[in-house]
Each structure stands twice: as structure tokens, then as C-alpha cells.
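>>> how does the following fold in three dimensions:
(2 chains)
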Number of protein chains: 2
Amino acid sequence: MRTRSCSVLCRATTSRGHILSPRRTFTSSLRPRLRTTELLDFGLTNLKVDSDRLWETIHSTAKWTDVSRSPSRADDIRTAGLSRLTLSNEDKQVRDWFVQTTESLGCKTFVDQIGNIFAIRPGLSNDDVPATFVGSHLDSQPSGGRFDGVLGVAAGVEMLRVLNDNWIETEGPVGVVNWTNEESAKYPISMMGSGVWADRISLQDAWDARSVHPGSPVTTAKQELEQIGYLGSVPASYKDGIRLGAHFEIHLEQGPKLEIARQAIGVVEGVQAYKWFTVTITGRESHAGTTDFSNRADALYSAATFITMVRDVAKSLGGLATIGMLTVSPSSVNTVPGEVKLSLDIRHPSDEVLDKMVRTIQSESQTLASAATNTAQGRHHLTKITIGMKEDFSSNAVKFSPEAIRCVEQSAAHLLGDETKIRRMTSGAGHDSVCTNMHCPTAMIFIPCKDGVSHNPNEWCEKVDCATGANVLLHSVLRMDKLRKGRGNVG
Amino acid sequence: MRTRSCSVLCRATTSRGHILSPRRTFTSSLRPRLRTTELLDFGLTNLKVDSDRLWETIHSTAKWTDVSRSPSRADDIRTAGLSRLTLSNEDKQVRDWFVQTTESLGCKTFVDQIGNIFAIRPGLSNDDVPATFVGSHLDSQPSGGRFDGVLGVAAGVEMLRVLNDNWIETEGPVGVVNWTNEESAKYPISMMGSGVWADRISLQDAWDARSVHPGSPVTTAKQELEQIGYLGSVPASYKDGIRLGAHFEIHLEQGPKLEIARQAIGVVEGVQAYKWFTVTITGRESHAGTTDFSNRADALYSAATFITMVRDVAKSLGGLATIGMLTVSPSSVNTVPGEVKLSLDIRHPSDEVLDKMVRTIQSESQTLASAATNTAQGRHHLTKITIGMKEDFSSNAVKFSPEAIRCVEQSAAHLLGDETKIRRMTSGAGHDSVCTNMHCPTAMIFIPCKDGVSHNPNEWCEKVDCATGANVLLHSVLRMDKLRKGRGNVG
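Residues are numbered from 1 along each chain as shown, chains lettered A, B, ... in the order given. A predicted model of the protein is given here:
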């Protein structure tokens, strides 16, 4: 097989020297080299990933899983899922695989102070040229799926293999990055590794983060990085550490739009803004059998009206709202609840509209509370309802780089040849690309997932969709490489 | 003080013999005796309780409390509350007080197999004549108030004192009963002692009940009865044990109606029917940021619509409905809930209307679930909502005895002289009187309580209201005694 022999050849000829060295790695190859610009200029764009090999990478790396939660070998890979908390022993194993594999494919690897691993394949020009990266994460939710994050890294590795197999030399270096703790399931800081790199989160805060996952020992992230051998020395910084020339990420949609519309590729234009609140609704405990409705201050009944109001507001403004957590006090079958605490997650592609959503919900809450309070003589203190909202977290809307988006869109159009299969969309969830977008051209590629299910062992993507997405990713990187060369960014 | 000297005299002349003995207890008294019929016939009906003494009984017995939860001596008795779980050491102490006090007032006491304590004061006729009882309970909620149950027993003791003080001899015997475990806070069987007596609950089931209160050692009720010395030998049965000629119970309303209407006495006609359900609402977990409303099966949103629907149905049928407990799964800020479990408590004075309420809620639930499920092509399985209801408990409506109600109403009218101060009402909560009503004429007297608050250290009744209620109770017993004599029930 050509693939195998090529791969062996590449390994043999790889310098393993510092990638910024001008020394080239493919100079002694026996085959004529192709550079990106030639490849694209001559229309040699039927370059494709090996679908079987990509699929095998996704599922074989799923053996590094917490077997108490997710089986390492499953009869049915559709339901086996993946349990690989960040910085766990399983995470160490898959990180070791990532380093060994990318090095064997000719990359130089770097581990930074927060454990992000950068694998860089030299280009024709390397001096002071940041690589065009593919990135995502290898950690999972405690009961996660096999595609979230893993697909992105596996497609990056597959890209390296395709480039090697086809003797392609890019104008500038390309790379694959595995970001630490994207999931925040163990250390409750979302997109932690890319966040530190982007200077969105301080290194010290990330190091000091303590495990909150019930099954894990309470350690700090720094302790665990040391323990598994991934506390690197490279600064975790877009300025002083590994610089990124661009960042592309392929991910499953985690929603059902593409599947329902029978579309293959989502060209992600950005990530919607979102805010999290804790809402406290206070009423008065009273006896369920002896307190008629006009004398109740039923915190849960008010919560029910709050929940429906919030959805109405979100719908009217074209956003989303979710109450995911709700607790009732005192929680007794025959006691009218005196207090309810609930979480509120609201989202909108526009920061301005999200702010309007907040203001509308706040004012409607006061209207609700007033309406619930019976002001008839002597009843005010018996029926008084109050609603308070405390903001816990806020993330502004993200707009990805127009030129990176264009790379994705043009690649998708070229590869699919059918624009109805492509959808421009906004990501509902945060991804590492949110952080990279702060400092380099970034875009994302979504592929369909079954029923929109994610963060669940039943998370599923079809093999053909993974391959299509990985092809778009590969071509997007090549287009960006050419673009950067063209405008003098590279070489 | 006449009171004291009389009380001493009564003790000296009390036989302490079996109360069914024809030997009379007051035959050697130095004062002319008054019998009930004479008392009422001659209009000597300004007989009143000693308000200070009643108040002192209520608050002095509150020293037998779990001091870790409720202080035994409080600077402010308005907020001190009472923590006296059934069959605890504190309960033993107050039981000992009850036995000693009633015996010192000339009663014979009996403890049955479930620990109910009956104190019986002989009448003029005692042969095979069941006593007219006052009853309630001395146990409390873990963080209970000083009046719930205690007021009923204390008013009974005060009745005995007033009868003695005034040298009154009733036609038949009268008594006071302390029922075991009315609260069900420790052993989860509501109205347990009176329920066994009424053959509503089997003795074995009650004996085998295990403590569910977190702070209490896990014992069975029978073990605890033995331990505190209140496992009696008298059959716990309305047939073979202590028979009741009638049962009157004074209780705080536990709701705000009397207070708001500035009324002094509630004449309780019965107890509403109620049913408890566990409701399970099933949807589908999905990502809060990536799943738009048309593709959600949000179990909590459906629960919110269920909660408002249930209140609408209850209001339209003149009943009550309460959701007191609600849990969300998986309970994550950014996950659309896949399942909600909630408790449903519905009540109505009529069994038929309550059944109609159940049927209406069930059918409206199916309408809600269907409406929530998006049947657009391919979305049915993504948006399917199901609502299931399981009945956990059912208690039929109770109608108290018309003649006992009349005794209460006539006494109240006579004592208050203002019918606007009296309200006929239905009890929203269960009481021991529900059980006694199955086997003897029963009625209840409600008095106002502050803000309708109960099962709470802030539970509060005014001293004057306690006295007014105790006066109505005393007169109701005398009226019933006369009534029973008149129809040949007594003597």
C-alpha cells in the first residue's frame, strides 16, 4: 500500500529538528513534491482523506476510557460512548498516542504550561511563520460520546497522513493542537487550555482549579498535569508561546439542524453570546391542605410562570432560553414551596439582543412577582413573591474570521458540488475556536449528528459525514495556506 | 383560691378505682354537686376555663423538647417552637406528665397497645358507658410549633380542672386522649394511633413502622413503645379496647381564613378528600445552546405548563392542588432537562369532585403532552413528551357527626353571642378526629393562627383565642353529655 510505504518514508526523512529551522524535511524524497499553491492552481483538488483510517482512529483511541463508565471494547460502538476526563490516566494515554503518532508523521511536538499539545509539520517556509492549525480536544464528558472533540483531533491527524501520503509540502507549517480541558467536566473552567493560551483565563487560575467531579480525587489541575507528565515548559500564551497562523476545527453539530435538513456541512460563522444566571424565587411555606390559593405565596407556581415567560421572551427575540436546574424548598408533598432556585441559560447570536433579553426578563419577572402578590388587605405579607437574578457567567458573541469562513465555504462548495448541502450557521455551544479566534483567523466546520444528541454515549456521527467534514477541513487548511502565502504572511 | 382548694379536695376524694365501677367519686364532697343537665337547664353556662392556667400548660409542657432543635426555655415563646417526635425521650416525659396530671385530677388512665393514653373521669353513670372524649396529640414535627396537637390535649386537661373546680359531675364519664404519632414525622403513617384504634391501620403495620427521621435511630415503633414504657396491654381497638362515646378536638386552623376574617371559632364540618400522586414527565436531554425550541423535548418546560394547568383545573372545580416536590434530571445548567418527577397533592371536600379533578388533570396532561410533541416530519422522536401519573395515597372526604357539629355550633353561638365570629369550615388537613369519626360522633373546633402558619417554630395562637376555643370545647362536651343522657345513651 502506497499509504504505508509513504508514511514509513516520511518518518525516515523527518528531521525532528526545531520546526522553525529552515532545513526542509522532504528534500530527499524520491517522489516529485507538490506544494499547496501548485496543488490548488492546477485544480488537483480531488485530494481526499482515507475514510476507513479516520474512522479507525476515532474508534481505536476510544479504548482509553474509564471502563467503569464506558466500555473499552463494545459490541456496539453506537452506544459505547467515551469517558475520558481531562488529565486522567486515560487522558495521559491518549495524549501519549497523540505525541507518538504526530511525531511519527514528521511533526515536532510542544507541550505548554497548561498541557496543550501542539504538533507542527514544517512547511516550505518556517522562519517565524506560525502554523495553520487544526485543533480540538481529546477529553470527554464523564458519560460522553466518541466524536465530541475527538473527531477534530483525529481529522487533524488524518490531514497529516494525507499530506504525507501525497507528498504535499505546504507553504507554511501546518499543525494539530489538542487543547486541555475543553469540557470543564472535571475542572469547572470551560475551554480552559485554549482560554489560558488566549489570555482569557490566567494561568494561575487554571493551575489552581480543583476537581469537582464526584468520582475524581480532589486535586488541582497543576498537580494532575505534573502527575501525568504534561506540565510543559512552553509558555501557555498566544504571544510568548506557540503562535497560531490560523485555526480550523471540525466538530459535530450537537444539534439536529443539519440532520433534519439532510445537509452535510455547516459553515460556522460564529458562536452565539450567552449568559448564565441563578434565579431565586421566594414565597412562603404553607400547608397544602389548609391554605387556599388567594393566601399562598407559592414559589414553585411562580417558577412555572417564570419558565413559560422566559421562553416567550426568548422566542420573541429569536434567542434561546433553558432552565436546566431547579430545586424546591422545603420539598414536602403537602407543603406549598417557600423557595425555588433555578438556573437560567440564555443565548443569542447578538450581544445587543442578548442584553435586551436580560432586561426584558428582568422587567417581566417584576411584573410576574407583583401579579402573584395578593395586595388585598392583610394578605400582602402572606402572598409576597420576590424574584431575584444573579449573573454567574457571560460570554460575548463570537464572529469568526471572514477569510477563514470563506476557506471553509469554498472548500465545501467545491467538494460537495451542491450548495443545498451546505448551511451557514451559528454555533450554540462554546468551542476552543472561540479562544483562538481572539488571536488568529478561525472558522469551524459542523457535521450532522444523530438526533442532535451529544454529551451522551449515544452521540453518533455517520462515517461518511466524518469523512466529508475531514475533507472540507483538509481543503480549508490548504486554502488558508495558499491565502497566507499570497498575502505575504508566509515565506 | 377556690381553684386550688377544690382541686386538692377532688384529689382526696377520688376513688382511683376502675372507672366502670358504679362507685361515685364525689359523694363525700362538702359542696353541693352540679350535674350537666342541671347546669345547662338552669342556664349556668358562664362556665369558663382559666385562661392563664391553660396558657401555662401549653408553654410549660414545651420544656420537653429536643433542645438541639427547639430551646426548652426561650426568651421569646413566639418563636421558640417545639421539637417532640413521637416516642422520643421528650415524648416519654410529656406522656408521664399527662398520666400524672390526669390521675391527680381524678382520672383513671389506660395505655393501649399502640401507646394511646386514655384518661377517664367518672360520670354519674359509668356502667358500660363510653366516655365523651376530648383528644389530640402531644407529638410534634421536628421543627414544629407549640400549639399543633398540644392545644387539644391541654384544653382537655383544662376541662378536667374546670369540672373539678366547679364540682361538676357529668352524666356519663368524660375523658382526654393523647393519640400516638399523629404527625407521622418519625414513623411515616399519618394519624397512626387513632388509625389503629379505628381499625384503619393494622396494629402489626404500625408496630413494624420504622423511623425515617434522619436524626433518630432506626427503630420500629414497637421497640420504641417498649423502650419508653408505653407499650400498653389494652387492645388498640374501638371494639375491644377503650370505646369512645364522642370525640371533640380543638386545633389551630393551620390556615389564614379565620384570622383574615377576624373570626374566633371555626365549626369544622369535615375534612376534605385528598390524593397524592407522583408525576413523571419524560422528554429528551439535549444541549441548551444547540437545540432550538422546535427540536426540544423539554421536560421542565412541560412541567411548568403542567403546574399552571393543574392550578386552573383545581380552581375551576373549587379544590386545591399543590406541587410540593420537583426534581430535574440531569440537572445541568446547559442541558435541556430530559426528565422531571414531581409530587401532586389535590384536595376537595367532595370525593366525587376530587375524582373529577383527577380525570380532568389526566386528560389535560395528555393534551399538554401531545401539544408539546412536534409531529413535523422526523421530529416526533426528538420532541416526544410523555406524562405519567401514579397514585400514592388517597383519603376520602370525611363528614363529621351533625349532632357533634351542633354541640360545637350552639356552644360557640352561646359563648360568643355574635354569629359573625363563627365560621363553618372544612379542614384541609387530616386529624385524629378523622379516625374517631368512623366509630363515634365527632366534631372539631378551629381557632385562628397567625398568618395561617403551622409546622413551624413561628406557629402562633393568641392566648385569648386559645381560651375561647377551650370554652367552646368544654361546653360542647357538656352539651354532648346532656344529649347522650337525653337519648338514653348514658345512665
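>>> so what pLDDT did the residue nearest to the spatial centre of chain A get?
Per CA atoms, centre = their mean, the C-alpha nearest to the average position across chain A is that of residue A:431, at 2.9 Å. Residue A:431 carries a pLDDT value of 95.
>>> same thing with residue A:109?
In this prediction, residue A:109 carries a pLDDT score of 98.
>>> residues contacting it?
A:99, A:102-103, A:117-120 (CB atoms under 8 Å, 6 or more residues apart in numbering or on different chains). Backbone N, C-alpha and C define where each C-beta goes, glycine included.
>>> need these in TSV (columns: secondary structure).
Shown next, in TSV, are those (DSSP: H, G, I helix; E, B strand; the rest coil):
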residue	secondary structure
A:99	helix
A:102	helix
A:103	helix
A:117	strand
A:118	strand
A:119	strand
A:120	strand
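>>> report the contact partners of the single nearest residue of the stretch 301-450 of chain A relative to chain B.
In the stretch 301-450 of chain A, no residue comes nearer to chain B than residue A:428, which is 3.3 Å away by CB to the nearest CB. When contacts are counted by CB under 8 Å, 6+ apart, residue A:428 touches A:254-255, A:271-272, A:320, A:347, B:287-291.
>>> turn those into TSV, columns for secondary structure and neighbour count.
Shown next, in TSV, are those (DSSP: H, G, I helix; E, B strand; the rest coil; neighbours: other CB atoms under 10 Å in any protein chain shown):
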residue	secondary structure	neighbour count
A:254	coil	24
A:255	coil	27
A:271	strand	25
A:272	coil	25
A:320	strand	24
A:347	strand	25
B:287	strand	22
B:288	coil	26
B:289	coil	22
B:290	coil	27
B:291	coil	29
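>>> the residues you listed: which two are farthest apart?
Taking CB to CB as the measure, these span a maximum distance of 15.2 Å, between A:271 and B:291.
>>> what about the helices in the stretch 301-450 of chain A?
Taking DSSP state H, counting those that start in this stretch as the test, the helices found in the stretch 301-450 of chain A are A:351-372, A:380-383, A:402-416, A:432-436.
>>> looking at these, which is closest to residue B:213?
Residue B:213 lies closest, by CB to CB, to one member of the helices of the stretch 301-450 of chain A: helix A:380-383, at 29.1 Å.
>>> SS state for residue A:189?
coil.
>>> so it makes contact with residue A:200?
No - counting by CB atoms under 8 Å, residue A:189 does not reach residue A:200; the two are 9.9 Å apart.
>>> residues contacting residue A:278?
A:341-344, A:389-390, A:392 are the contacts of residue A:278 under CB under 8 Å, 6+ apart.
>>> what's the burial count for residue A:218?
Applying other CB atoms under 10 Å in any protein chain shown, we find 9 residues neighbouring residue A:218.
>>> go on, residue A:475?
23.
>>> packing partners for the host helix or strand of it?
Using DSSP states H and E, residue A:475 sits in helix A:463-486. Helices and strands touching helix A:463-486, by 3 or more CB pairs under 8 Å, 6 or more residues apart in numbering or on different chains; DSSP states H and E, are helix A:36-41, helix A:51-60, strand A:131-136, helix A:150-165, strand A:244-252, strand A:265-271, helix A:402-416, strand A:442-447.
>>> could you dump the second one to CSV, C-alpha only?
Presented in CSV, the C-alpha positions along helix A:51-60 are these (Å, rounded to 0.1, in the frame of the first residue of the first chain):
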residue,chain,number,x,y,z
SER,A,51,-12.4,7.4,5.4
ASP,A,52,-11.6,3.9,6.9
ARG,A,53,-8.4,5.2,8.5
LEU,A,54,-10.1,8.2,10.0
TRP,A,55,-12.9,6.0,11.4
GLU,A,56,-10.4,3.6,12.8
THR,A,57,-8.5,6.5,14.6
ILE,A,58,-11.8,7.7,16.2
HIS,A,59,-12.8,4.3,17.5
SER,A,60,-9.4,2.8,18.3
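>>> show me what the mean pLDDT comes to for that helix.
On average, helix A:51-60 scores 98.
>>> buried ones in the helix or strand that that helix is followed by?
Downstream of helix A:51-60, the first helix or strand assigned by DSSP H and E is helix A:77-80. Of the residues in helix A:77-80, residue A:80 count as buried by neighbour count, 16 or more other CB atoms under 10 Å in any protein chain shown.
>>> do helix A:77-80 and chain B meet?
No - against chain B, helix A:77-80 shows no contacts by CB under 8 Å from any CB of the partner chain, the least distance being 15.0 Å.
>>> how far off centre is that helix?
Chain-centre distance of helix A:77-80: 21 Å, with CA atoms, centre = their mean, to the nearest Å.
>>> do the same with stretch A:290-299
In terms of CA atoms, centre = their mean, the centre of stretch A:290-299 is found 46 Å from the chain centre.
>>> buried residues in it, which are they?
Of the residues in stretch A:290-299, those buried (16+ other CB under 10 Å) are A:290-293, A:295-299.
>>> and chain A, what are its domains?
A:2-271+A:397-486, A:273-395 (automatic domain parsing).
>>> which of those domains has the lowest mean pLDDT?
It's domain A:2-271+A:397-486: among those, that one has the lowest mean pLDDT, namely a mean of 88.
>>> re the thing from before, list the contacts for the residue nearest to the centre of chain A?
A:136, A:182, A:191, A:249, A:251, A:271, A:444.
>>> what does residue A:339 give?
A:280-283, A:299, A:328-329.
>>> tell me what it is bridged to.
With DSSP bridges applied, residue A:339 shows beta-bridge pairing to residue A:282, residue A:329.
>>> what's the answer for the one 5 residues further on, then?
Note on residue A:344: beta-bridge partners residue A:277, judged by DSSP bridges.
>>> that one against residue A:276, yeah?
Yes - proximity of residue A:344 to residue A:276 meets the contact threshold set by CB under 8 Å, at 7.0 Å.
>>> of those two, which one has the most company?
Set residue A:344 next to residue A:276 and count neighbours by other CB under 10 Å: residue A:344 wins out with 24 against 19.
>>> any idea how far the more buried one lies from residue A:372?
In this view, residue A:344 and residue A:372 are 18 Å apart by CB to CB, to the nearest Å.
>>> for the domains of chain A, which one sits closest to residue B:64?
domain A:273-395 (24.5 Å).
>>> what about that closest one, how long is it end to end?
5 Å (CA to CA, to the nearest Å).
>>> circling back: nearest to residue A:82, of the buried residues of stretch A:290-299?
residue A:299 (39.4 Å).
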